[in-house]
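# my questions are about this predicted structure, shown below with the sequence.
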Amino acid sequence: MTETISRTEHADVVIIGAGFAGLTAARELRQAGRSVIVVEARNRIGGRTWLDTRLGRPLEIGGTWVHWTQPYVWAEMTRYGLGTAQSPVPETAYWWADGKRHQGDPEQLLGDIDASNRTLMEESRRYFPEPFTPWANPDIKEIDATPLPKKIAELQITDYSKDILESFWALNFNGPIDDAAFTQALRWVALTNGDWMVSFEACATFKIQGGTEALIQAMAAGTDIRLNETVVAVKYDDAGATVRAADGSLYRANHVVCTLPLGAMGGISFEPPLPESSTKAISEGQVSRGIKAWIKVKGTRRPFVALGLADWQLNFAQTEYDHDGDTILVAFGPDSSRLDVTDLRQVQAALDLLVPETEVVGVASHDWTADPLSGETWPMHRPGYLSEALAVFQKPQGSLLFAGSDYANGWGGFIDGAIESGLEAARAIQDATPA
Ligand SMILES: Cc1cc2nc3c(=O)[nH]c(=O)nc-3n(C[C@H](O)[C@H](O)[C@H](O)COP(=O)(O)OP(=O)(O)OC[C@H]3O[C@@H](n4cnc5c(N)ncnc54)[C@H](O)[C@@H]3O)c2cc1C
């Protein structure tokens, strides 16, 4: 293959990826007086957050909800003067368990989940006494290989309880729970002091005023970002690193921060190769390979929430907006390859199982799992990732560092974790080479 080397640029730090992790690191380093170039493959910033106009209004295609238990994103919102907007509080719940549909008060559904989830999560603070230091209790090694379904099976609960509990966790993992790490579930709940209901509130209640776009644009201001530039190779040693883009452009820096999701990391060749545990984690990927879809249904609906079975094409939906006399729902399913969101009939059939009497008139979605620049939705770990791979990704490899929600200590899987890891990477670079 012939390559054209078009140019070489130099900076103190090159950052690969203009999501929340990359742009946090870039801002911190620029403010500390370092020259920084951010190289981004997409034609926009924000990565797995994307406020786009679809179905006639702005919709968050990726990351959306934030929470007051998330210190890093909350601080950024305060810094830029952004408040919150709230999702509607559901008045009715529909759920499927023990072979039939149930309808009732959302509090009843929460109470029924609580009956078993409280026991499942009761040791979250014992295993994670310091939730932002996930290895604080060495005992986690004993349980990190345990898949979540094994712990659910040990509860010896009724089929009814098992159905709703499994679906609740398939929703949180946005993937099949057979591959889900029990420790990952415990970490989420430890971050809200052992209270799973607050952790659930963190996932679907408060949105950023003006959307994620308002925050990411504020954080990006003044940063040198090269859009439409796909990185294909990184060569690194203790003295520095060279980043090569698909068009042959070269970037040379004292440090490189790679913020790619685990699912996109295969797109870059590293020389020397990454440590074995990182390579293994990259080849396995995250559990989260599901779908998020915005579904417009005809007419105005009172706010509801719906939970199906763990392996349904869509296992969760809730009302989000009234729009021009119609209602826009947000829905999730555990496997993006099993639902063609461009086929309204398929979406209608999937939604019919969840909610009675809807007429689907439009769908908006993005397949983050099939997208080579993400390869996953919100990062949710497999058994063993925490004890075998996470710390290795966090350790600088000479001049190469990793940042991103996939490699965070605290709210990994969330915008908060991306910001946390961007701060960590920027500080590590400043410590390594004081100005
Ligand atoms: C459907 C969905 C729903 C979610 N819901 C929530 C939520 O409600 N709340 C919440 O807090 N979080 C949520 N998340 C998770 C949250 O969006 C992410 O954790 C966070 O945005 C990740 O930021 P990041 O910077 O670590 O990674 P990313 O945002 O993925 O940034 C990495 C960047 O690297 C770029 N890139 C990839 N490959 C290359 C390459 N070869 N060369 C150059 N650039 C490259 C990508 O284009 C991307 O811009 C959700 C995510 C998804 C997908």
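In hand now; what should we look at? From a predicted model like this one, the values you see are computed outputs, not experimental measurements.
# flag every residue of the stretch 1-150 of the chain that's near the ligand.
Residues of the stretch 1-150 of the chain lying close to the ligand by Cβ under 6 Å from any ligand atom are 16-22, 39-42, 47-49, 62-66. In short, each C-beta sits where N, CA and C put it, glycine included.
# just the buried subset of those, written out for PyMOL, thanks.
Buried residues within these, by 16 or more other Cβ atoms under 10 Å, are selected in PyMOL with:
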select buried, resi 16+17+18+19+20+21+22+39+40+41+42+47+48+49+62+63+64+65+66
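# among the residues of the stretch 1-150 of the chain next to the ligand, which are located in helices?
With helices defined by DSSP state H, the entries of these inside them are 20-22.
# looking at these, which is nearest His102?
Nearest to His102 among these: Phe20, at 38.1 Å, using Cβ to Cβ.
# test my guess that that closest one contacts Leu423.
No: in this structure Phe20 lies outside contact range of Leu423 using Cβ atoms under 8 Å: 10.7 Å.
# which stretches of the stretch 101-250 of the chain form helices?
Counting by DSSP state H, counting those that start in this stretch, the stretch 101-250 of the chain has these helices, from start to end: 106-120, 124-127, 140-143, 148-154, 159-173, 182-190, 196-204, 211-220.
# mind listing what's buried in the third one?
Across helix 140-143, burial judged by 16+ other Cβ under 10 Å covers 140, 143.
# checking Ala370 next. Helix, strand or coil?
Three-state secondary structure (criterion: DSSP: H, G, I helix; E, B strand; the rest coil) places Ala370 in coil.
# list the contacts of the nearest residue to it once chain neighbours are set aside.
Nearest residue to Ala370 in three dimensions, chain neighbours excluded: Ser336, at 6.4 Å (Cβ to Cβ, 6 or more residues apart in numbering). By Cβ atoms under 8 Å, 6 or more residues apart in numbering, the contact list for Ser336 reads 289-291, 367-370.
# got CSV for those, with pLDDT too?
As requested, the contacts of Ser336 are exported to CSV (pLDDT from 0 to 100):
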residue, pLDDT
Arg289, 97
Gly290, 98
Ile291, 98
Asp367, 98
Trp368, 98
Thr369, 98
Ala370, 98
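# who wins for neighbours among those?
In terms of neighbour count, Gly290 stands highest of the contacts of Ser336 at 31 neighbours, by other Cβ atoms under 10 Å.
# the residue lying closest to that one once chain neighbours are set aside: neighbour count?
Nearest non-adjacent residue to Gly290, counting by Cβ to Cβ, 6+ apart: Asn174, 3.7 Å away. When neighbours are counted by other Cβ under 10 Å, Asn174 registers 28.
# what sits against Asn174?
Contact analysis of Asn174 by Cβ under 8 Å, 6+ apart lists 287-290, 292, 332, 334, 377-378, 380.
# farthest pair in the residues you listed?
With Cβ to Cβ as the measure, no two of the contacts of Asn174 lie farther apart than Val287 and Lys292, at 15.2 Å.
# the more surrounded of those two?
Using other Cβ under 10 Å as the criterion, Val287 and Lys292 rank with Val287 on top: 28 against 24.
# list the contacts of the more buried one.
For Val287, the contacting residues are 173-177, 179-181, 184, 380-382, taking Cβ under 8 Å, 6+ apart as the criterion.
# now check stretch 208-221, is it near the ligand?
No: with Cβ under 6 Å from any ligand atom as the measure, stretch 208-221 is seen stopping short of the ligand, the closest distance being 7.6 Å.
# who's in contact with that stretch?
Outside stretch 208-221, the residues within contact range by Cβ under 8 Å, 6+ apart are 18, 20, 23-24, 26-27, 45-46, 49-51, 58, 60, 62-64, 66, 73, 76-77, 80, 82-85, 415.
# and the strands in the stretch 201-350 of the chain?
With strands called from DSSP state E, counting those that start in this stretch, the stretch 201-350 of the chain shows them at 206-208, 225-226, 231-236, 241-245, 250-258, 269-271, 291-297, 304-307, 316-323, 326-333.
# sorry, back to before: out of the helices of the stretch 101-250 of the chain, which is the most enclosed?
Each of the helices of the stretch 101-250 of the chain was scored by mean neighbour count; the highest is helix 182-190, a mean of 26, by mean count of other Cβ atoms under 10 Å.
# CA atoms only: put that helix into CSV for me.
Coordinates of the C-alpha atoms in helix 182-190 are reproduced here as CSV (Å, rounded to 0.1, in the frame of the first residue of the first chain):
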residue,chain,number,x,y,z
PHE,A,182,-21.4,-8.5,39.3
THR,A,183,-18.8,-6.0,40.5
GLN,A,184,-19.9,-3.5,37.9
ALA,A,185,-23.4,-3.6,39.3
LEU,A,186,-22.1,-3.2,42.8
ARG,A,187,-19.9,-0.2,41.8
TRP,A,188,-22.9,1.7,40.4
VAL,A,189,-24.8,1.2,43.6
ALA,A,190,-21.9,2.0,45.8
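# what angle do that helix and helix 196-204 make?
Helix 182-190 and helix 196-204 are oriented at 90 degrees to each other (axes from the mean of the first three to the mean of the last three Cα atoms, to 10 degrees).
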